[in-house]
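Participant: just to be clear, the model below is a prediction. Sequence and coordinates:
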Amino acid sequence: MFKYCLEKYSGSKSRFVCPNCKEKEYTRFINCETKEYLSYEFGRCNRIIKCGYFKSPTVVNEFNYEKNNEFVEPKIEYLDKNVFQFFEITNFKNPLSIFLKSYFDESKVEEVLNLYQVKTEKLNGDYLTIFPQLDFEFNLRTIKKMKYNSETGKRKKNFFQWYNPNKSNLKQCLFGLYLLNHPEFKKSKIIIVESEKTALLGMLYFKNKYLFLATGGLMNLTKDKLKSLKNREIILMPDLSPIDSKNSAFEYWRAKSEKISNELNCSISISNLLEENATIQQKNLQQDLGDFIIEELTKKSI
C-alpha cells in the first residue's frame, strides 16, 4: 500500500478551495494510515482542464515517502444486487427518460435503459436517475444517483450521490462494461465517452452499431478500467474544452490512451470529430457527442 493518497470523495466536506484557481474543487493528500491531511499545498484540483493544479508528496524527500516494492491491491467489495428492489421497475417518470423520448421512439428508449440497467428512485417528490456500474463478471461495483431536467436533458449540478452502504473498498468500472458479454456486442467497436447520458444517446442514435461505454468523468480513463477491453477496438471521444483552457480533454485522453494501449497491447484511437467540427461557442460550452446528437435531431425536426 502507498503511505499517502488522495482523499476519497465523501461529499462536499472532502473538497477544498484550490490554492491556484480558488474554486472548491481541490482534493487533498492524506496519510492512508492515520487519515491525517498533509500540508495544504499537496493535492489535486479536479478542474484539470481549466486549472490543472497538482502537487504530490511523492517527490518531497522530507515527507519520507514510503512505497513497497510491490503494490498489493486490496480486495474489491461489491454491492448486493438486491438493492435494485428499492428502485422503480420502470422509467416512465424518470426525467432523463422523458427527455430521451422527446427525440427517440419510446419503446427504443425503454429498451436501451433496460440494457444499461438504468433505474429510477423517488426522493422528496423528485425522480432520480440511477446509473449502476456492473463489471465484466456482472458484479455490482457502485451506483451513481443524479438528477436531470426533463425538458433540457441537462444534469442538475447541485445534486450528486453515490450509493455506499458503509463499504470501504468499492471500486468503479466503466458504465455498461458488462455488455461486453452481450451476444450483440461481442465484436462491436467500442466508443468510450465521459458521461452516462452521452453513452445512452450514442446507443440510441447509432442504433447499436457501436457499444458505448462511459467513464463517468474525464479523470476516470485509467488502465485499470480498460483492462477488460483487451483485444477490442476502442475509440475515445472526450468532451470539448474551452479554447482558453490550460489543458485540453482531447490531449489529456490522447496522452493517456497512448500509454494504456502500449501497456495493455490493445487498439485505442481517439476521435477528432468534435474537435474539427465544433464552433468556438460549442467548445466554450464544453459540449459532448450527446449535445451534437441532440442538435442534429433538432435541426431535422424543424
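Facilitator: Sure thing, it's come through.

Participant: run me through the strand neighbours of the host helix or strand of residue 133, direction for each.
Facilitator: Element membership of residue 133, judged by DSSP states H and E, is strand 126-134. Sheet partners assigned to strand 126-134 using DSSP bridges are listed as strand 119-123 (antiparallel), strand 140-148 (antiparallel).

Participant: can you put those strands in a markdown table and add distance to residue 48 and mean pLDDT?
Facilitator: Any C-beta I mention is one placed from the backbone N, CA and C, and that applies to glycine too. Rendered in a markdown table, the data for these read as follows (distance: least, Cβ to Cβ, whole Å; pLDDT from 0 to 100):
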| stretch | distance to residue 48 | mean pLDDT |
| --- | --- | --- |
| strand 119-123 | 30 | 93 |
| strand 140-148 | 20 | 94 |
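
Participant: just name the most buried of these.
Facilitator: strand 140-148 (a mean of 20; mean count of other Cβ atoms under 10 Å).

Participant: put the alpha carbons of that strand into PDB.
Facilitator: Presented in PDB, the C-alpha positions along strand 140-148 are these (Å, rounded to 0.1, in the frame of the first residue of the first chain):
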ATOM      1  CA  LEU A 140     -22.400  -4.500  -8.900                       C
ATOM      2  CA  ARG A 141     -19.400  -2.200  -8.300                       C
ATOM      3  CA  THR A 142     -21.300   1.000  -7.300                       C
ATOM      4  CA  ILE A 143     -24.400   3.100  -8.000                       C
ATOM      5  CA  LYS A 144     -24.500   6.800  -9.100                       C
ATOM      6  CA  LYS A 145     -27.600   8.900  -8.400                       C
ATOM      7  CA  MET A 146     -28.200  12.000 -10.500                       C
ATOM      8  CA  LYS A 147     -31.000  14.500 -11.300                       C
ATOM      9  CA  TYR A 148     -31.900  15.700 -14.800                       C
END
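
Participant: tell me what whichever helix or strand comes after it is packed against?
Facilitator: Where DSSP H and E defines the elements, the next helix or strand beyond strand 140-148 is strand 155-163. In terms of contacts (3 or more Cβ pairs under 8 Å, 6 or more residues apart in numbering; DSSP states H and E), strand 155-163 is packed against strand 140-148.

Participant: next, the angle from the strand it packs on to strand 155-163.
Facilitator: Strand 140-148 runs at 150 degrees relative to strand 155-163, counting by axes from the mean of the first three to the mean of the last three Cα atoms, to 10 degrees.

Participant: how far does strand 140-148 sit from its chain's centre?
Facilitator: How far strand 140-148 lies from its chain's middle: 11 Å, per Cα atoms, centre = their mean, to the nearest Å.

Participant: what's that strand in contact with?
Facilitator: With Cβ atoms under 8 Å, 6 or more residues apart in numbering as the contact definition, strand 140-148 has outside contacts at 76, 78-81, 83, 95-96, 99, 121, 126, 128-135, 154-156, 159-164, 170-173, 196-197, 216.

Participant: any buried residues in the strand holding residue 133, and which?
Facilitator: 127, 128, 129, 130, 131, 132, 133, 134 (16 or more other Cβ atoms under 10 Å).

Participant: I figured the last one hits residue 116, correct?
Facilitator: It refers to residue 134. No - look at residue 134 against residue 116 with Cβ atoms under 8 Å: they stay out of range, at 9.0 Å.
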